[in-house]
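S.K.: how would this look folded up:
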Amino acid sequence: MRNVTFRTVIFDFDSTLTAIEGIDYLAELYGVAEQVRAMTRSAMNTHSVTPEMYDDRLQLIRPVQHDIDMLVEKYQQSLMPGVKEAISALQSLEKRVFVISGGLRQALLAVGKFLNIPADRIYAVDIYFNDDGKYTGFDRNSPLIGVNGKKSVIQKIEPERPVVFVGDGANDVAARDAVDLFIGYGGAEYRPPIEEQCEIYIQDKNFTSVLPKILTDQELEIIEFHDLYKQVEQKITSQKLQGE
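M.R.: Modelled structure (predicted):
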């Protein structure tokens, strides 16, 4: 696909740009991680998100508004190595970068600001709180809580083509007919059932590894890809050594 000059790049967020599932993290705070993770794993690997599953997870957690701030901090700490560099490189080539996610919109907007992704290019699910900061619900009309939600959002926004979409789960794969290329990403969480459905599947934890699958040879030369990849690899090695 290197002879294709993609104009739009769409990313999933949880377990793609970041190593965690946001709702699973909130579940840890409330001692219901095991139940919620089981539902998330089933959805991401095979069945995709459903309104009932989305509701069940949040009913178990019932987060408060302050938890969103904690989630934002955790997201930023858990960004995949090279995410910021990869997005910056794409934007320097004047690619239109979008995030389409079943995650919580308020948290993704804050992280999107950190990644320099405009708010109007971030699509996620609103969560609601009352004046006391207690959970009252979520946007049940959001298409992103349904199996074909990402596909319908892509079709609605009509992004400039050609379009490439990078994601990790079943609801991402379900959107592949709406784009010109789908890339499965397993660097954060390897999902064998998803790999089986992908012509291109990447497990490298260095997120800049997606760029050779998206960019032409000429574009890779412009951003000096090999140097960029090495820089991120050095950071990963340094972090590992510090953790030992």
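
S.K.: quick one: low-confidence parts of this protein?
M.R.: For the chain, the stretches with pLDDT under 70 are 1-2, 46-48, 244.

S.K.: hey, where'd the helices end up in it?
M.R.: 22-29, 33-42, 51-61, 66-77, 83-92, 105-114, 149-157, 170-173, 192-195, 211-214, 217-222, 225-243 (DSSP state H).

S.K.: just how off-centre is the longest strand belonging to the chain within its chain?
M.R.: Taking DSSP state E as the criterion, the chain has its longest strand at strand 96-104. Averaging C-alpha positions (CA atoms, centre = their mean, to the nearest Å) puts strand 96-104 6 Å from its chain's average.

S.K.: strand partners (parallel or antiparallel) of that strand?
M.R.: Using DSSP bridges, the strands paired with strand 96-104 are strand 8-11 (parallel), strand 122-125 (parallel).

S.K.: picking that back up, most packed of the helices of the chain?
M.R.: helix 170-173 (a mean of 24; mean count of other CB atoms under 10 Å). C-beta here means a position set from N, CA and C on the backbone, and glycine is covered the same way.

S.K.: so Leu215 touches Ile223, yeah?
M.R.: Yes - Leu215 lies in contact with Ile223 (CB atoms under 8 Å); the separation is 7.4 Å.

S.K.: and for those two, which residues touch both?
M.R.: Contact criterion CB atoms under 8 Å, 6 or more residues apart in numbering; residues shared by Leu215 and Ile223: Leu93.

S.K.: between those two, who's got more neighbours?
M.R.: Legend: neighbour count by other CB atoms under 10 Å for Leu215 and Ile223, higher for Leu215 (25 against 19).

S.K.: residues touching that one, list them.
M.R.: Contacts of Leu215 by CB under 8 Å, 6+ apart are 2, 6, 93, 223, 225.

S.K.: distance-wise, check it relative to Val4.
M.R.: 9 Å (CB to CB, to the nearest Å).

S.K.: next, count neighbours for Asn141.
M.R.: Applying other CB under 10 Å, we find 9 residues neighbouring Asn141.

S.K.: for stretch 179-199, C-alpha coordinates in CSV please.
M.R.: Provided in CSV are the C-alpha atoms of stretch 179-199 (Å, rounded to 0.1, in the frame of the first residue of the first chain):
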residue,chain,number,x,y,z
VAL,A,179,-12.2,2.7,4.9
ASP,A,180,-9.6,2.0,2.2
LEU,A,181,-7.3,0.1,4.6
PHE,A,182,-7.7,-1.4,8.0
ILE,A,183,-4.7,-2.1,10.2
GLY,A,184,-5.0,-4.3,13.3
TYR,A,185,-2.8,-3.2,16.2
GLY,A,186,-1.8,-5.7,18.9
GLY,A,187,1.1,-3.8,20.4
ALA,A,188,-0.9,-2.9,23.5
GLU,A,189,-3.1,-6.0,23.7
TYR,A,190,-2.6,-9.0,21.4
ARG,A,191,-6.0,-10.4,20.3
PRO,A,192,-5.6,-13.6,18.2
PRO,A,193,-9.2,-13.5,16.9
ILE,A,194,-8.6,-10.0,15.5
GLU,A,195,-5.3,-11.0,13.9
GLU,A,196,-7.1,-13.7,12.0
GLN,A,197,-9.3,-11.1,10.4
CYS,A,198,-6.6,-8.7,9.4
GLU,A,199,-4.4,-8.6,6.3
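
S.K.: pull out the buried residues from that stretch.
M.R.: Neighbour-count burial for stretch 179-199, counted by 16 or more other CB atoms under 10 Å, picks out 179, 181-189, 191, 194, 198.
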